[in-house]
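Q: Output the structure for:
(2 chains)
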Amino acid sequence: MITCADFMAEIGNYMEGDVADEVRHQLEHHLSHCQTCTVLVDSSRKTLKIVTDTGTFDLPDATFRPIAERIMARIRSGEK
Amino acid sequence: MLFLRKEFGLVPKVFSAQTLRPDILQAEADALRLLLLSEDALSRAQKRDILLAGTDLETLRDRGFTENQVLEAVVTTSFACFFNVLQTGLGAGSDFAAKMPAKKAHLSTPEQRHTAVTTSVDPDAECVARLQGGDLNAFEELMNRHSQRVYRTLVGILGNPDEARDAMQDTFLKVFQHLAGFEGRSKFSTWLVSIASNTAIQRLRERKPMESLDESAPDEEGFRPRQVQAWTDDPEQLYSQAEMRSLIENGVMKLPVKYRVVLMLRDIEQLGIEEAASALGLGIPAIKARLLRGRLMLREALAPHFIPSGIKGSAKGVTN
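A: Model (predicted):
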């Protein structure tokens, strides 16, 4: 019987699908009766989804263009 | 002993039987340390399962293990067998009957045997060759291709978009300056991110006593999830794209730097685990641990925005 602490030790590997079948069965058995760990897995998956789906920390081309031009000007002039 | 438990998957009984010869124990531990992989490594649980199940090579490949991991499975099992023989000789009894996954090794053609490091094709190789041949337009192409990646690395470490934009010029000039030293042993993009990372770390050091990115820096052991109420089914429907972006960016910026940069490279920039580890000069286990911690901390910060209001305030947290 695994505890919530055991589950938390493996949650990263579990979410990445990086556990052997036998371990996965044990973890899923724990999830079947532990609401807290079920919520943690579900909300962690949702976190990952919104982080990967939402375009964050974009550098707009209009911002990068002048930076690139300055860099190229210095390189072409032989200045480092 | 901690190293054995963590990296090998168990502490063999022979390590108790040989306590009068610490020199031999040390030599055995050193041999293990040298032979077990630091990159693309198997997890402790995977090693334990492989040792117990005696899975053969073809099955490991079918289950999606990389060739490096298959190699490590063979090395780990070979050591377990060696320790069992040693233990029997010393009268310590065996840990368990470790089974060799290498029994089907002869099925591999010589080309498939992994005694040498294999390299994947670098999509930037052609552009880098043109640049090294003196074509400056190729540098502009490389900058355009990787500006987002460099920017996100810089923001991840510096935690400040204005300073990150400022550091981009330093980074790309350093890349150009050191191009002759780039020998293609890693992908160009990995090398680029490592230069961006070093540039940002140098700036942090100049600015203030830095938060450490070192492997030796202890993780926040005290962190436990506290927000354990169920989230709404479809969080993305609750906010506009701009609001969602703002929520995530604020949450990411509040993470400690060592978690923020890993999450930024892996989840936002979508770098592979190995590439992120290589670029930041960290081991795979450290990257995985920090990624998990960063994701859990970000989940914690976002939770109040996605928990239906009716059930807020009943957090009990994970304590055991």
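Q: any idea how far B:V262 is from the residue nearest the centre of chain A?
A: When CA atoms, centre = their mean is applied to chain A, the residue found nearest the centroid is A:L48 (5.1 Å). From A:L48 across to B:V262, the span is 13 Å (CB to CB, to the nearest Å). In short, each C-beta sits where N, CA and C put it, glycine included.
Q: again, but for B:L25
A: The value you get for B:L25 to B:V262, if CB to CB is used, is 34 Å.
Q: B:G181 too?
A: Taking CB to CB as the criterion, B:G181 is separated from B:V262 by 26 Å.
Q: and B:L25 and B:V262? which has more neighbours close in?
A: When neighbours are counted by other CB atoms under 10 Å in any protein chain shown, B:V262 comes out ahead of the other of B:L25 and B:V262, with 29 against 18.
Q: The more buried one contacts B:L291, doesn't it?
A: Yes: look at B:V262 against B:L291 with CB atoms under 8 Å: they come within range, at 5.1 Å.
Q: Next up, the contacts around the nearest residue in space to B:V262 that is not next to it in sequence.
A: In space, and not counting its chain neighbours, B:V262 is closest to B:R290: 4.4 Å by CB to CB, 6 or more residues apart in numbering or on different chains. In this structure, B:R290 makes contact with B:D219, B:K258, B:Y259, B:V262, B:L263, B:L282, judged by CB atoms under 8 Å, 6 or more residues apart in numbering or on different chains.
Q: most neighbours, which of the residues you listed?
A: Neighbour counts for those peak at B:V262, which has 29 neighbours (criterion: other CB under 10 Å).
Q: Can you give the distance from the longest helix along chain A to the centre of its chain?
A: Scanning chain A for the longest helix, with DSSP state H as the assignment, gives helix A:35-53. Centre-to-centre, helix A:35-53 and its host chain are 10 Å apart (CA atoms, centre = their mean, to the nearest Å).
Q: Could you check that helix and say which residues are buried?
A: Judged by neighbour count (16 or more other CB atoms under 10 Å in any protein chain shown), helix A:35-53 contains these buried residues: A:36-41, A:43-44, A:46-48, A:50-51.
Q: Tell me the one of those nearest B:N198?
A: Ranked by distance to B:N198 (CB to CB), those are led by A:V51 at 25.5 Å.
Q: can I assume A:I11 is in contact with A:S43?
A: No: counting by CB under 8 Å, A:I11 sits too far from A:S43 to count as a contact (11.5 Å).
Q: Up against chain A, what does the stretch 151-300 of chain B have?
A: If contact is defined as CB under 8 Å from any CB of the partner chain, the residues of the stretch 151-300 of chain B in contact with chain A are B:151-152, B:155, B:161, B:165, B:168-169, B:172-173, B:176-177, B:225, B:227-231, B:235-236, B:241, B:244-245, B:248-249, B:252, B:263-264, B:267-268, B:270, B:288-289, B:291-292, B:295-296, B:298-299.
Q: rewinding a little: quick check: the gap between the residue nearest to B:V262 and B:V261.
A: Distance of B:R290 to B:V261, given as CB to CB: 8 Å.
Q: tilt between the strand or helix carrying the residue nearest to B:V262 and helix A:35-53?
A: Assigning secondary structure by DSSP states H and E places B:R290 in helix B:284-306. For the pair helix B:284-306 and helix A:35-53, the angle between their directions (axes from the mean of the first three to the mean of the last three CA atoms, to 10 degrees) equals 100 degrees.
Q: Would you mind listing the buried residues in helix B:284-306?
A: By neighbour count, with 16+ other CB under 10 Å as the criterion, the buried positions of helix B:284-306 are B:284-303, B:306.
Q: ok, now stretch A:60-77?
A: Buried residues in stretch A:60-77 (16+ other CB under 10 Å): A:F64, A:I67, A:A68, A:I71, A:M72, A:I75.
Q: Could you check which helix or strand contains the nearest residue to B:H305 once chain neighbours are set aside?
A: In space, B:H305 comes closest to B:L247 once its chain neighbours are excluded; the distance is 5.8 Å by CB to CB, 6+ apart. Element membership for B:L247 (DSSP H and E) is helix B:241-253.
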